[in-house]
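**Student:** sequence and predicted structure, then a few things I'm wondering about:
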Amino acid sequence: MKVLHSDNAPKALGPYSQAIEVNGFVFTSGQIPIDPATDNFVEGGIKEQTRQSLANVQNVLKEAGIDLSHVVKTTVFLSDMGNFAEMNEVYAEFFVQPFPARSAVAIKTLPKGALVEVECVAVK
């Protein structure tokens, strides 16, 4: 088991790793829309927050020497399912066919009041 860490993604907010690599799989922790350069949320709404969350995922995956084309499953957590269409529009900018499997769920609240959080499983 290998712990992955990127300075180009937000620091962990608790006792967890940004990602773990094991047996050819990379499991990322959920990435919220914090800009690692400022340690603050990006300005804007769901589109900007989705873009930053996915950029953070990309940067964590780079530590394993892979990119989004290696992702086989994502989970997208939304604070409001009313943001699904706009999130999906940005999500489509990051992934190409064959698209990874995905779950998208609305939950009551996300860390620090984020509008979106994204986690993934990738294969090396």
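**Tutor:** Happy to help now that I have it.

**Student:** so T50 touches V116, yeah?
**Tutor:** Yes. With contact defined as C-beta atoms under 8 Å, T50 counts as touching V116 (5.1 Å). Heads up, the C-betas are built off the backbone N, CA and C, glycines and all.

**Student:** okay, and the common contacts of the two?
**Tutor:** P33, M87 (C-beta atoms under 8 Å, 6 or more residues apart in numbering).

**Student:** I'd guessed A101 sits against V76; true?
**Tutor:** No. Here A101 does not reach V76: they are 11.7 Å apart, not a contact under C-beta under 8 Å.

**Student:** more neighbours: the two, which one.
**Tutor:** V76 (23 against 11; other C-beta atoms under 10 Å).

**Student:** I'd like to know how many residues surround the residue lying closest to that one once chain neighbours are set aside.
**Tutor:** What sits nearest to V76 in space, not counting adjacent residues and going by C-beta to C-beta, 6 or more residues apart in numbering, is A104, at 4.3 Å. The number of residues packed near A104 is 17, by other C-beta under 10 Å.
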